[in-house]
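Q: for reference, the sequence and a predicted model appear below.
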Amino acid sequence: MSTPAGTAPGSTEHAARTVRDKLRSTAAQRDRAREDPVEEIGWLRDAGLLALFVPVEFGGGGASWSQVAGTVRTIAEADSSIAHVLLYHYFGSLAGTRGENGFVGARRARSIAERHLFHGTIAQAAYPPLILATQTADGFRLNGSKPFTSGAALGDVLVVWTVFDTGTTLRGSDVSGQIATFHVERDAPGLSFGGDWDNVGQRLTVSGSATLADVAVSSDDVIGYGYGAVESTAADNLDVLLMYAGFANIFTGLAVGALDEAADYTRGRSRPWVESGHRSATDDPLVLERYGQLWTQVQSAVALTTEANTAVDRVREYGANLTWAQRAEAVTLINAARLHASEVALSVSSRLYEVTGARSSSSAVGLDRFWRNARTLSLHDPLPHKQVQIGSYVLNGTEPVPGFYS
(Lines give C-alpha, C1' and ligand atoms only; values in the text may rest on other atoms or scores of the structure.)
Protein backbone atom coordinates (compact mmCIF):
# COMPACT_ATOMS: atom_id res chain seq x y z
CA MET A 1 0.00 0.00 0.00
CA SER A 2 3.03 2.25 0.13
CA THR A 3 4.48 3.82 -3.00
CA PRO A 4 5.46 1.03 -5.40
CA ALA A 5 9.11 0.13 -5.71
CA GLY A 6 10.92 0.37 -9.00
CA THR A 7 12.91 3.58 -8.84
CA ALA A 8 16.31 3.49 -10.47
CA PRO A 9 19.28 2.31 -8.43
CA GLY A 10 21.34 5.32 -7.41
CA SER A 11 18.35 7.63 -7.11
CA THR A 12 17.35 9.31 -3.85
CA GLU A 13 14.05 7.41 -3.85
CA HIS A 14 15.84 4.09 -4.27
CA ALA A 15 18.30 4.94 -1.49
CA ALA A 16 15.51 5.96 0.89
CA ARG A 17 13.56 2.75 0.23
CA THR A 18 16.66 0.65 0.74
CA VAL A 19 17.20 2.21 4.16
CA ARG A 20 13.48 1.92 4.93
CA ASP A 21 13.52 -1.82 4.24
CA LYS A 22 16.61 -2.27 6.39
CA LEU A 23 14.98 -0.35 9.23
CA ARG A 24 11.72 -2.28 8.90
CA SER A 25 13.40 -5.66 9.26
CA THR A 26 14.60 -4.81 12.78
CA ALA A 27 12.18 -2.06 13.85
CA ALA A 28 10.36 -3.94 16.59
CA GLN A 29 13.55 -5.28 18.15
CA ARG A 30 15.30 -1.93 18.04
CA ASP A 31 12.29 -0.22 19.58
CA ARG A 32 12.36 -2.64 22.52
CA ALA A 33 16.12 -2.30 22.95
CA ARG A 34 15.94 1.53 23.20
CA GLU A 35 19.58 1.93 22.17
CA ASP A 36 20.76 5.18 20.62
CA PRO A 37 20.43 4.76 16.84
CA VAL A 38 24.05 5.45 15.97
CA GLU A 39 24.15 2.57 13.50
CA GLU A 40 20.91 3.70 11.88
CA ILE A 41 22.33 7.19 11.29
CA GLY A 42 25.25 5.42 9.64
CA TRP A 43 22.83 3.74 7.24
CA LEU A 44 21.49 7.16 6.22
CA ARG A 45 25.04 8.43 5.79
CA ASP A 46 26.13 5.43 3.72
CA ALA A 47 23.06 5.84 1.49
CA GLY A 48 24.12 9.40 0.65
CA LEU A 49 21.00 10.97 2.16
CA LEU A 50 22.51 13.48 4.59
CA ALA A 51 23.54 16.20 2.10
CA LEU A 52 20.23 16.08 0.24
CA PHE A 53 18.85 19.46 1.37
CA VAL A 54 22.11 21.42 1.36
CA PRO A 55 22.08 23.87 -1.58
CA VAL A 56 24.14 22.91 -4.63
CA GLU A 57 26.38 25.96 -4.24
CA PHE A 58 27.54 24.53 -0.91
CA GLY A 59 28.18 21.06 -2.29
CA GLY A 60 24.85 19.48 -1.45
CA GLY A 61 22.07 17.84 -3.40
CA GLY A 62 19.95 20.97 -3.75
CA ALA A 63 16.76 18.92 -3.46
CA SER A 64 13.32 20.47 -3.47
CA TRP A 65 11.24 20.32 -0.32
CA SER A 66 8.99 17.68 -1.87
CA GLN A 67 12.02 15.46 -2.49
CA VAL A 68 13.26 15.92 1.07
CA ALA A 69 9.78 15.37 2.51
CA GLY A 70 9.37 12.23 0.42
CA THR A 71 12.56 10.85 1.95
CA VAL A 72 11.34 11.61 5.47
CA ARG A 73 7.97 10.00 4.72
CA THR A 74 9.59 6.87 3.29
CA ILE A 75 11.82 6.44 6.36
CA ALA A 76 8.80 7.00 8.63
CA GLU A 77 7.04 4.03 7.07
CA ALA A 78 9.51 1.83 8.93
CA ASP A 79 10.72 3.94 11.85
CA SER A 80 9.19 7.30 12.72
CA SER A 81 11.92 7.98 15.31
CA ILE A 82 14.62 7.93 12.63
CA ALA A 83 12.40 10.01 10.35
CA HIS A 84 11.99 12.53 13.17
CA VAL A 85 15.71 13.09 13.74
CA LEU A 86 16.31 13.05 9.97
CA LEU A 87 13.77 15.86 9.57
CA TYR A 88 15.62 17.88 12.21
CA HIS A 89 18.89 17.15 10.43
CA TYR A 90 17.54 18.43 7.11
CA PHE A 91 16.05 21.50 8.73
CA GLY A 92 19.28 22.31 10.55
CA SER A 93 21.51 21.65 7.57
CA LEU A 94 20.18 24.88 6.05
CA ALA A 95 21.12 26.97 9.09
CA GLY A 96 22.98 30.07 8.03
CA THR A 97 22.48 29.58 4.30
CA ARG A 98 19.32 31.66 3.92
CA GLY A 99 20.54 35.18 4.51
CA GLU A 100 20.79 35.29 8.32
CA ASN A 101 23.15 38.00 9.51
CA GLY A 102 25.63 35.51 10.93
CA PHE A 103 29.05 34.22 10.03
CA VAL A 104 29.48 30.47 9.84
CA GLY A 105 26.57 29.35 7.64
CA ALA A 106 28.22 28.68 4.27
CA ARG A 107 31.30 27.00 5.78
CA ARG A 108 29.06 24.88 7.99
CA ALA A 109 26.85 23.77 5.08
CA ARG A 110 29.87 22.76 3.00
CA SER A 111 31.24 20.76 5.90
CA ILE A 112 27.92 18.88 6.34
CA ALA A 113 27.78 18.09 2.63
CA GLU A 114 31.42 17.13 2.10
CA ARG A 115 31.90 15.13 5.28
CA HIS A 116 28.36 13.68 5.43
CA LEU A 117 27.87 15.04 8.94
CA PHE A 118 24.70 14.56 10.94
CA HIS A 119 23.16 17.72 12.36
CA GLY A 120 21.52 18.09 15.77
CA THR A 121 19.71 20.96 17.47
CA ILE A 122 19.45 22.27 21.01
CA ALA A 123 16.46 24.52 20.52
CA GLN A 124 13.22 25.44 22.34
CA ALA A 125 14.03 29.03 21.55
CA ALA A 126 10.45 30.16 22.08
CA TYR A 127 10.37 29.96 25.86
CA PRO A 128 12.70 29.83 28.87
CA PRO A 129 14.95 28.56 30.17
CA LEU A 130 17.20 29.83 27.41
CA ILE A 131 20.88 29.09 26.96
CA LEU A 132 22.78 32.23 27.92
CA ALA A 133 25.54 33.43 25.58
CA THR A 134 27.96 35.65 27.52
CA GLN A 135 30.51 37.59 25.50
CA THR A 136 34.21 37.15 26.33
CA ALA A 137 37.44 38.51 24.92
CA ASP A 138 37.70 35.46 22.64
CA GLY A 139 34.04 34.98 21.72
CA PHE A 140 31.30 33.59 23.96
CA ARG A 141 30.62 31.17 26.79
CA LEU A 142 27.37 29.23 26.60
CA ASN A 143 25.60 28.14 29.79
CA GLY A 144 22.27 26.49 30.45
CA SER A 145 20.24 23.37 29.90
CA LYS A 146 17.23 22.15 27.96
CA PRO A 147 14.93 19.27 28.98
CA PHE A 148 14.15 18.06 25.44
CA THR A 149 16.66 17.97 22.58
CA SER A 150 15.50 15.47 19.95
CA GLY A 151 18.43 13.97 18.08
CA ALA A 152 21.02 16.38 19.47
CA ALA A 153 23.07 13.65 21.14
CA LEU A 154 23.39 11.96 17.74
CA GLY A 155 24.76 15.01 15.97
CA ASP A 156 28.27 15.49 14.66
CA VAL A 157 27.56 19.24 14.66
CA LEU A 158 24.91 21.22 16.52
CA VAL A 159 22.88 24.38 16.29
CA VAL A 160 22.37 25.81 19.78
CA TRP A 161 19.69 28.44 20.32
CA THR A 162 20.69 31.06 22.88
CA VAL A 163 19.93 34.52 24.20
CA PHE A 164 22.68 37.15 24.21
CA ASP A 165 23.68 38.32 27.68
CA THR A 166 23.57 41.97 28.76
CA GLY A 167 26.33 44.03 27.19
CA THR A 168 26.72 41.96 24.02
CA THR A 169 27.84 43.86 20.93
CA LEU A 170 28.28 42.55 17.39
CA ARG A 171 29.34 44.58 14.37
CA GLY A 172 29.20 47.72 16.47
CA SER A 173 25.59 47.23 17.63
CA ASP A 174 24.19 46.32 21.04
CA VAL A 175 22.37 42.98 20.60
CA SER A 176 21.71 42.29 24.30
CA GLY A 177 18.68 40.07 24.85
CA GLN A 178 18.40 39.00 21.22
CA ILE A 179 17.84 35.36 20.29
CA ALA A 180 20.86 33.88 18.50
CA THR A 181 22.06 30.56 17.12
CA PHE A 182 25.57 29.15 17.40
CA HIS A 183 27.45 26.34 15.71
CA VAL A 184 28.85 23.94 18.33
CA GLU A 185 30.91 20.82 17.73
CA ARG A 186 29.59 17.61 19.30
CA ASP A 187 32.78 17.03 21.30
CA ALA A 188 32.99 20.57 22.69
CA PRO A 189 34.20 20.59 26.33
CA GLY A 190 31.31 21.35 28.67
CA LEU A 191 28.58 19.90 26.42
CA SER A 192 26.79 16.88 27.90
CA PHE A 193 23.58 14.92 27.42
CA GLY A 194 21.41 13.40 30.12
CA GLY A 195 20.42 10.18 28.38
CA ASP A 196 17.08 10.54 30.17
CA TRP A 197 14.54 10.09 27.36
CA ASP A 198 12.13 7.40 28.58
CA ASN A 199 8.79 8.13 26.92
CA VAL A 200 6.32 5.57 25.58
CA GLY A 201 6.96 6.40 21.93
CA GLN A 202 9.53 7.89 19.57
CA ARG A 203 11.99 6.01 21.75
CA LEU A 204 14.92 6.28 19.35
CA THR A 205 14.80 10.05 18.93
CA VAL A 206 17.18 10.43 21.89
CA SER A 207 15.09 13.40 23.02
CA GLY A 208 16.55 13.78 26.50
CA SER A 209 18.18 16.74 28.19
CA ALA A 210 21.30 18.66 27.22
CA THR A 211 23.54 20.85 29.36
CA LEU A 212 26.13 23.43 28.36
CA ALA A 213 28.61 24.43 31.06
CA ASP A 214 30.98 27.19 29.94
CA VAL A 215 31.06 25.89 26.38
CA ALA A 216 33.52 28.14 24.54
CA VAL A 217 32.66 29.34 21.02
CA SER A 218 34.06 32.09 18.85
CA SER A 219 32.23 35.00 17.30
CA ASP A 220 32.75 33.25 13.97
CA ASP A 221 30.51 30.44 15.26
CA VAL A 222 27.44 32.70 15.23
CA ILE A 223 24.93 31.34 12.73
CA GLY A 224 22.34 34.08 13.07
CA TYR A 225 20.77 36.52 15.52
CA GLY A 226 18.03 39.09 15.83
CA TYR A 227 15.18 36.59 15.45
CA GLY A 228 11.98 38.48 16.13
CA ALA A 229 13.91 41.67 16.93
CA VAL A 230 14.61 42.96 13.44
CA GLU A 231 12.20 43.65 10.62
CA SER A 232 11.64 40.63 8.40
CA THR A 233 9.74 39.65 5.28
CA ALA A 234 7.35 36.78 4.66
CA ALA A 235 10.18 34.91 2.93
CA ASP A 236 12.22 35.12 6.15
CA ASN A 237 9.52 33.25 8.05
CA LEU A 238 9.32 29.84 6.42
CA ASP A 239 10.92 27.68 9.13
CA VAL A 240 7.58 26.74 10.70
CA LEU A 241 6.22 25.70 7.30
CA LEU A 242 9.14 23.34 6.76
CA MET A 243 8.94 21.82 10.22
CA TYR A 244 5.18 21.29 10.30
CA ALA A 245 5.05 19.95 6.77
CA GLY A 246 7.80 17.59 7.92
CA PHE A 247 5.65 16.41 10.81
CA ALA A 248 2.77 15.81 8.39
CA ASN A 249 5.06 13.57 6.36
CA ILE A 250 6.17 11.63 9.44
CA PHE A 251 2.56 11.02 10.47
CA THR A 252 1.61 10.05 6.93
CA GLY A 253 4.55 7.67 6.56
CA LEU A 254 3.74 6.19 9.95
CA ALA A 255 0.13 5.53 8.87
CA VAL A 256 1.27 3.97 5.59
CA GLY A 257 3.77 1.76 7.38
CA ALA A 258 1.27 0.68 10.03
CA LEU A 259 -1.26 -0.38 7.42
CA ASP A 260 1.38 -2.15 5.35
CA GLU A 261 2.62 -4.19 8.30
CA ALA A 262 -0.93 -4.98 9.40
CA ALA A 263 -1.77 -6.21 5.90
CA ASP A 264 1.34 -8.39 5.84
CA TYR A 265 0.31 -9.89 9.16
CA THR A 266 -3.27 -10.51 8.05
CA ARG A 267 -2.16 -12.19 4.82
CA GLY A 268 0.46 -14.34 6.50
CA ARG A 269 -0.59 -14.99 10.08
CA SER A 270 -4.18 -13.99 10.89
CA ARG A 271 -6.70 -16.79 11.33
CA PRO A 272 -10.35 -16.46 10.34
CA TRP A 273 -12.84 -16.14 13.17
CA VAL A 274 -14.35 -19.57 13.80
CA GLU A 275 -17.91 -18.29 13.31
CA SER A 276 -17.17 -16.38 10.13
CA GLY A 277 -17.59 -19.36 7.83
CA HIS A 278 -14.44 -18.44 5.88
CA ARG A 279 -11.26 -20.47 5.49
CA SER A 280 -9.03 -17.39 5.33
CA ALA A 281 -9.06 -14.04 7.13
CA THR A 282 -8.52 -12.36 3.77
CA ASP A 283 -11.91 -13.65 2.58
CA ASP A 284 -13.87 -12.29 5.54
CA PRO A 285 -15.97 -9.34 4.29
CA LEU A 286 -15.76 -7.66 7.71
CA VAL A 287 -11.97 -7.69 7.50
CA LEU A 288 -12.12 -6.42 3.93
CA GLU A 289 -14.49 -3.65 4.95
CA ARG A 290 -12.13 -2.51 7.72
CA TYR A 291 -9.17 -2.49 5.34
CA GLY A 292 -11.22 -0.44 2.89
CA GLN A 293 -11.88 2.14 5.60
CA LEU A 294 -8.30 2.30 6.80
CA TRP A 295 -6.83 2.48 3.31
CA THR A 296 -9.17 5.35 2.43
CA GLN A 297 -8.07 7.21 5.56
CA VAL A 298 -4.43 6.74 4.68
CA GLN A 299 -4.93 7.95 1.12
CA SER A 300 -6.59 11.12 2.38
CA ALA A 301 -3.52 11.85 4.52
CA VAL A 302 -1.20 11.11 1.59
CA ALA A 303 -3.15 13.49 -0.66
CA LEU A 304 -3.33 16.40 1.79
CA THR A 305 0.29 16.03 2.86
CA THR A 306 1.41 15.96 -0.78
CA GLU A 307 -0.53 19.19 -1.34
CA ALA A 308 1.19 20.70 1.71
CA ASN A 309 4.60 19.77 0.29
CA THR A 310 3.66 21.45 -2.97
CA ALA A 311 2.67 24.55 -1.01
CA VAL A 312 6.11 24.65 0.62
CA ASP A 313 7.82 24.34 -2.76
CA ARG A 314 5.63 27.14 -4.09
CA VAL A 315 6.36 29.67 -1.33
CA ARG A 316 10.08 28.91 -1.52
CA GLU A 317 10.01 29.57 -5.26
CA TYR A 318 8.39 32.99 -4.69
CA GLY A 319 11.52 34.09 -2.84
CA ALA A 320 11.52 37.72 -1.79
CA ASN A 321 8.24 38.28 -3.68
CA LEU A 322 6.29 36.11 -1.21
CA THR A 323 3.48 38.08 0.42
CA TRP A 324 2.22 37.69 3.96
CA ALA A 325 -1.16 36.63 2.57
CA GLN A 326 0.46 33.85 0.52
CA ARG A 327 2.40 32.71 3.58
CA ALA A 328 -0.80 32.67 5.67
CA GLU A 329 -2.59 30.53 3.08
CA ALA A 330 0.31 28.10 2.93
CA VAL A 331 0.81 27.76 6.68
CA THR A 332 -2.91 27.14 7.15
CA LEU A 333 -2.89 24.34 4.58
CA ILE A 334 0.24 22.85 6.13
CA ASN A 335 -1.26 22.93 9.62
CA ALA A 336 -4.37 21.23 8.25
CA ALA A 337 -2.23 18.50 6.70
CA ARG A 338 -0.34 17.99 9.94
CA LEU A 339 -3.53 17.80 11.98
CA HIS A 340 -5.23 15.42 9.60
CA ALA A 341 -2.21 13.16 9.21
CA SER A 342 -1.89 13.01 12.99
CA GLU A 343 -5.52 11.95 13.36
CA VAL A 344 -5.17 9.35 10.62
CA ALA A 345 -1.98 7.92 12.13
CA LEU A 346 -3.62 7.64 15.54
CA SER A 347 -6.74 6.04 14.09
CA VAL A 348 -5.01 3.52 11.83
CA SER A 349 -2.37 2.55 14.37
CA SER A 350 -5.09 1.89 16.95
CA ARG A 351 -7.64 0.16 14.71
CA LEU A 352 -5.21 -2.12 12.91
CA TYR A 353 -5.74 -4.71 15.67
CA GLU A 354 -9.32 -5.07 14.45
CA VAL A 355 -7.95 -6.71 11.30
CA THR A 356 -4.95 -8.60 12.68
CA GLY A 357 -6.40 -10.41 15.68
CA ALA A 358 -5.50 -11.06 19.29
CA ARG A 359 -2.14 -12.75 18.64
CA SER A 360 -0.87 -9.62 16.87
CA SER A 361 -0.87 -7.77 20.19
CA SER A 362 2.23 -9.71 21.23
CA SER A 363 5.13 -7.43 22.05
CA ALA A 364 7.32 -9.57 19.80
CA VAL A 365 5.22 -8.54 16.79
CA GLY A 366 5.73 -4.88 17.66
CA LEU A 367 2.66 -3.38 16.00
CA ASP A 368 2.05 -1.33 19.13
CA ARG A 369 5.03 0.89 18.30
CA PHE A 370 3.02 2.63 15.59
CA TRP A 371 0.37 3.91 18.01
CA ARG A 372 2.91 4.76 20.71
CA ASN A 373 4.96 6.75 18.22
CA ALA A 374 1.93 8.55 16.77
CA ARG A 375 0.58 9.38 20.21
CA THR A 376 3.91 10.74 21.43
CA LEU A 377 4.66 12.80 18.33
CA SER A 378 1.12 14.24 18.32
CA LEU A 379 1.91 15.87 21.69
CA HIS A 380 4.87 17.85 20.35
CA ASP A 381 2.73 20.97 20.78
CA PRO A 382 -1.02 21.27 21.42
CA LEU A 383 -2.74 20.57 18.11
CA PRO A 384 -6.19 21.84 19.22
CA HIS A 385 -4.69 25.34 19.18
CA LYS A 386 -3.97 24.81 15.48
CA GLN A 387 -7.60 23.88 14.87
CA VAL A 388 -8.65 27.21 16.40
CA GLN A 389 -6.08 29.03 14.27
CA ILE A 390 -7.35 27.34 11.11
CA GLY A 391 -10.95 28.08 12.02
CA SER A 392 -10.20 31.75 12.61
CA TYR A 393 -8.46 31.96 9.24
CA VAL A 394 -11.36 30.30 7.44
CA LEU A 395 -14.12 32.22 9.20
CA ASN A 396 -12.55 35.59 9.98
CA GLY A 397 -9.63 35.79 7.57
CA THR A 398 -7.21 36.06 10.51
CA GLU A 399 -3.69 35.41 9.28
CA PRO A 400 -1.54 33.38 11.71
CA VAL A 401 0.99 35.61 13.45
CA PRO A 402 4.48 34.42 12.42
CA GLY A 403 6.50 32.96 15.25
CA PHE A 404 8.18 29.80 16.45
CA TYR A 405 4.88 27.89 16.28
CA SER A 406 2.78 29.60 13.60
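A: Structure's in. What do you need?
Q: now do the helices in the stretch 151-300 of the chain.
A: 239-268, 285-318 (DSSP state H, counting those that start in this stretch).
Q: give the other helices and strands that the shortest one contacts.
A: Contact analysis of helix 239-268 by 3 or more Cβ pairs under 8 Å, 6 or more residues apart in numbering; DSSP states H and E lists helix 65-76, helix 80-93, helix 285-318, helix 324-351, helix 353-356, helix 368-377 as its packing neighbours. (C-beta placed from N, C-alpha, C; glycine too.)
Q: hmm, 10 Å instead?
A: helix 12-33, helix 65-76, helix 80-93, helix 285-318, helix 324-351, helix 353-356, helix 368-377 (3 or more Cβ pairs under 10 Å, 6 or more residues apart in numbering; DSSP states H and E).
Q: and it, which residues are buried?
A: 240-263, 265-266 (16 or more other Cβ atoms under 10 Å).
Q: how about V355, what does it touch?
A: 259, 262-263, 265-266, 270, 281-282, 284, 286-291, 293-294 (Cβ atoms under 10 Å, 6 or more residues apart in numbering).
Q: how close does it sit to H278?
A: Look at V355 and H278: by Cβ to Cβ, to the nearest Å, they are 14 Å apart.
Q: find residues that contact each of these two.
A: Residues touching both V355 and H278 (Cβ under 10 Å, 6+ apart): D284, L286, V287.
Q: am I right that the last one is in contact with P272?
A: Yes. Counting by Cβ atoms under 10 Å, P272 is a contact partner of V287 at 8.4 Å.
Q: shared neighbours of these two, anything?
A: H278, S280, A281, G357.
Q: SS state for N143?
A: strand (DSSP: H, G, I helix; E, B strand; the rest coil).
Q: beta partners of it?
A: Beta-bridge pairing of N143 under DSSP bridges involves L132.
Q: check what pLDDT it gets.
A: The model reports N143 with a pLDDT of 98.
Q: can you check G357 too?
A: 88.
Q: with adjacent residues omitted, what lies nearest to G228?
A: Computed as Cβ to Cβ, 6 or more residues apart in numbering, the closest residue to G228 that is not its neighbour in sequence is I179, at 6.3 Å.
Q: got the contact list for that neighbour?
A: 125-126, 130, 133, 161-164, 224-229, 404.
Q: list the buried ones in the helix or strand where S111 lies?
A: Assigned by DSSP states H and E, S111 belongs to helix 105-115. The neighbour-count check on helix 105-115 (16+ other Cβ under 10 Å) flags G105, R108, A109, R110, S111, I112, A113 as buried.
Q: can you check stretch 298-318 too?
A: Across stretch 298-318, burial judged by 16+ other Cβ under 10 Å covers 298, 300-302, 304-306, 308-312, 315-316.
Q: hmm, W43 and K22 touching each other?
A: Yes. With contacts counted by Cβ under 10 Å, K22 reaches W43, the gap being 5.9 Å.
Q: neighbour count winner among those two?
A: Legend: neighbour count by other Cβ atoms under 10 Å for K22 and W43, higher for W43 (18 against 15).
Q: are we agreed that the more buried one is in a helix?
A: Yes. Counting by three-state DSSP, W43 is located in a helix.
Q: against A328, how distant is P400?
A: 6 Å.
Q: what do the two both touch?
A: Y393, S406.
Q: circling back to that earlier point, tell me which of the helices and strands packed on helix 239-268 sits nearest to G99.
A: For the helices and strands packed on helix 239-268, the distance to G99 is smallest for helix 285-318, at 13.0 Å, taking Cβ to Cβ.
Q: cool, thanks, talk later.
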